[in-house]
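> Quick one, what's the 3D model for this:
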Amino acid sequence: MKKLTFLLLTLATTLTLNAQVAINTDNSLPDSSAILDVKSTTKGFLPPRMTNAQMEAMSSPAEGLMIYNIDFKNIFFYTGSNWIKLNNNDGIAGDSINYEGQTYQTVVIGDQIWMAENLNVGTMISGSNNQNNSGSIEKYCYGDLTANCDTNGGLYQWAEMVQYVNGATNTTSWSSEPTGNVQGICPPGWHIPTDAEWKTLEMHLGMTPAEADHYDWRGTHNEGGKLKETGITHWDSPNTGATNSSGFTASPGGGRFSSGSFNGLGRGGYWWSSSEVAGAGAWFRFLGYNNGQVHRDGYDKTDGMSVRCLKN
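This is a model prediction of the structure:
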């Protein structure tokens, strides 16, 4: 017993002095630069696995703490103030695209590639008129001023945006829901994002699936701020939460309402999805100057909203 006690004390002293541990099957010593050296050709390293709610409930996590989030299927680490996904490519510039005489910047966000600017294509018509299936793309410019299209892109009614595919109108549903992507007024190889694809973006930025499924203001991780252009050059003060960490660079182009009036320039931006709500409505997203969340709702297709295209 004395020999065993002596051996354990010696081992404990050695581990304390060396402050290094090797875990392997070949009895090799730890690398001199490593406090923990794990080596195997048949097994992997398994970090703690937990739900997003369990991760968020952790009390005073240490900076650098790492877990596997089973809701997001991803490794997260703690920066000292926020949980961040390990494989975060947000903000990396994609290839620029030339479309109808204009060059658009693009950005990688998670597994998606988005336009980093609002679409600005078509011929301007008065906000007092409805857009029509005339064979050429029509757009609104806020306040009927082309300078606002140059800054924030055009505003489009829903049916004009989807280009009346399968008989879609602003008051009735398409005769049959399109299969696959809806290109609409987007360039070839790009499409109008669905409501589900907007949710994918939002969940990548931190929303839980349950939060993404709600309507009204959603998210608890400044998801709207991560999408908004920073500063108050275009956004009204205080531009709450704006970091543009995603590279999406959302600008506050306002909207054209079904009455023909314009409202909201500088105070917010509206973006369509291709997904309908009860025939005469469609899902959209709204970002506001005084809120760091993302608003989701279904509304009148005759309104004019901004458009972002998503790569196929």
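
> Show me the shaky parts of the stretch 1-150 of the chain.
Confidence mapping of the stretch 1-150 of the chain against pLDDT under 70 gives the ranges 1-18, 72, 87-89.

> show me where it has helices.
Here the stretch 1-150 of the chain has its helices, by DSSP state H, counting those that start in this stretch, at 2-18, 52-56, 146-152.

> next one: the stretch 151-300 of the chain
For the stretch 151-300 of the chain, the helices defined by DSSP H, counting those that start in this stretch occupy 158-162, 195-204, 209-213, 223-227.

> tell me the domain boundaries of this protein?
For the chain, whose domains are defined here by automatic domain parsing, the residue ranges read 1-45, 50-87, 92-311.

> mind giving me TSV with those and columns for mean neighbour count?
Any C-beta I mention is one placed from the backbone N, CA and C, and that applies to glycine too. What follows is the domains of the chain, written out as TSV (neighbours: other C-beta atoms under 10 Å):
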stretch	mean neighbour count
domain 1-45	10
domain 50-87	13
domain 92-311	19
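
> Report the central residue of this protein.
Residue closest to the average C-alpha location in the chain (C-alpha atoms, centre = their mean): Leu201, at 3.1 Å.

> At which residues are the strands of the stretch 101-250 of the chain located?
In the stretch 101-250 of the chain, strands defined by DSSP state E, counting those that start in this stretch lie at 102-104, 106-109, 112-115, 123-124, 138-139, 190-191, 216-218, listed in chain order.

> Packing partners of the fifth one?
Other helices and strands packing on strand 138-139, by 3 or more C-beta pairs under 8 Å, 6 or more residues apart in numbering; DSSP states H and E, are strand 123-124.

> Need the helices of the stretch 151-300 of the chain in JSON lines (columns: mean pLDDT and distance to Gly281).
Supplementary listing: the helices of the stretch 151-300 of the chain in JSON lines, determined by pLDDT from 0 to 100; distance: least, C-beta to C-beta, whole Å:
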{"stretch": "helix 158-162", "mean pLDDT": "98", "distance to Gly281": "8"}
{"stretch": "helix 195-204", "mean pLDDT": "96", "distance to Gly281": "12"}
{"stretch": "helix 209-213", "mean pLDDT": "95", "distance to Gly281": "17"}
{"stretch": "helix 223-227", "mean pLDDT": "97", "distance to Gly281": "22"}
